[in-house]
Every structure is written in C-alpha cells, then in structure tokens.
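Asker: 3D model of this:
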Amino acid sequence: MIVAALMLTHGVPKLVNFESIVTTFPDPIGLGPETSLMLVIGAEVGCSLLLFFGLLTRVAAIPLLITMTVAIVHTVYTAEESFRTVELPFLYWTAFLCILLAGPGAPSIDRWAAEGIARFRKKKQPPPQHRVPPVPRVAASAASRYIDPDATSEEVNLTEWDTTKAS
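Answerer: Predicted coordinates:
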C-alpha cells in the first residue's frame with residue numbers, strides 16, 4: 001500500500017505534465033518517447049492504484065517490475081554515478097518483487113474476494129453421506145441368528161420376528 005502510494009508520486013506528475021515531459025522523455029526500448037511515456041504512466045499510475053487497493057495485486061506488480069528494470073538498465077548505461085541514481089529504482093524493484101512473490105496482504109480486495117469465494121464453495125458442497133452402521137450382534141440371544149450383520153437399521157424390524165424358525 002505504501003509502496004504504491006510512493007510510486008503514485010512519480011506517476012501523477014508525469015501524467016499531469018505529459019506534454020512538457022514527452023519531448024525530453026528517453027526512449028530506452030525503441031518504441032518512441034510518447035509510447036514509452038504512456039507505458040510508464042500506465043504502470044506508475046494504473047498499476048499503482050491497483051496495488052493500493054489490493055486488486056489484481058500480482059498481475060499489477062509485473063508491469064511495475066518491468067518499468068523499474070528498464071529504469072535500472074537505462075540509468076546504469078547513461079549515468080555517471082550509477083549506484084546513487086539507480087538506488088531508488090532498485091528499491092522499488094525489490095519491493096515489487098516481494099509483492100509479486102508474497103501476493104496480497106490481509107487488507108486487500110484480492111484477499112477478501114478469495115475468502116468470499118471459499119465461503120461460497122463451502123456452502124455449495126452437499127453434506128457428507130453417513131453410512132448407517134450395522135446392527136451389532138447379540139451374543140447370547142436366539143434373535144442374533146435371524147439378524148443380518150450387514151443390514152441397515154431400516155431393514156431390521158426387531159418387533160416382528162418369526163419365532164417359528166427359532167429351533
């Protein structure tokens with residue numbers, strides 16, 4: 001959440017000052033400065049908002065990781081002091097990698113949606129079927145000869161025995 005809010009402080013000024021920035025914006029991957037700036041704004045504003053609210057967290061972290069990777073590589077190849085100028089993009093890159101690997105936290109729409117889906121699936125499952133245990137045999141009783149041990153309680157009517165077969 002905090003990393004997303006911090007990244008918005010970089011993306012919103014680019015969005016507001018698009019016309020003045022586009023003329024001086026670098027083209028590190030050969031798509032043209034206008035397209036590169038639009039992709040960076042999309043990642044820094046759009047994906048940061050998704051991360052802030054916890055919506056599509058892992059998916060939103062991927063464009064931000066790509067943007068920071070391009071920024072790191074571009075900065076290393078063009079700057080005189082590489083570590084000082086690459087430090088901030090590298091810190092963002094590390095934070096977005098952690099978000100990608102760990103996923104959304106507890107206060108996120110992704111987590112709430114996952115819990116809601118789990119509760120919904122749990123309600124839809126039918127209750128488990130319980131098998132009626134067999135009627136136990138009575139050891140010293142004459143009635144035990146007439147009771148099938150594998151019969152269910154519905155099949156055994158203990159009040160109407162045929163006593164004529166009891167010999």
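
Asker: Regarding T35, which helix or strand does it belong to?
Answerer: Here T35, judged by DSSP states H and E, is contained in helix 33-41.

Asker: and the residue nearest to L50 when sequence neighbours are not counted, what is it in contact with?
Answerer: Excluding its sequence neighbours, the residue lying closest to L50 (Cβ to Cβ, 6 or more residues apart in numbering) is A60, at 3.8 Å. Using the backbone N, CA and C atoms, a C-beta is placed for each residue, glycine as well. Residues counted as contacts of A60 (Cβ atoms under 8 Å, 6 or more residues apart in numbering) are 46-48, 50-51.

Asker: Out of the residues you listed, which sit inside helices?
Answerer: In helices, defined here by DSSP state H, the members of those are 48, 50-51.

Asker: Scan the contacts of A60 and report the most crowded one.
Answerer: When neighbours are counted by other Cβ atoms under 10 Å, L51 leads the contacts of A60 with 27 neighbours.

Asker: Identify the residue spatially nearest to L55, adjacent ones excluded.
Answerer: Excluding its sequence neighbours, the residue lying closest to L55 (Cβ to Cβ, 6+ apart) is I109, at 4.6 Å.

Asker: Please apply the same query to I72.
Answerer: Per Cβ to Cβ, 6+ apart, closest to I72 is P89, 4.9 Å.

Asker: tell me which element that neighbour falls in.
Answerer: If you go by DSSP H and E, P89 is part of helix 82-102.

Asker: Could you give me the buried positions within the helix or strand that comes right after that helix?
Answerer: For helix 82-102, the succeeding helix or strand toward the C-terminus, using DSSP H and E, is helix 109-124. Of all the residues in helix 109-124, those buried under the rule 16 or more other Cβ atoms under 10 Å are D110.

Asker: Contacts for helix 109-124 next, please.
Answerer: Against helix 109-124 from outside (Cβ under 8 Å, 6+ apart): 53-57, 103-105.
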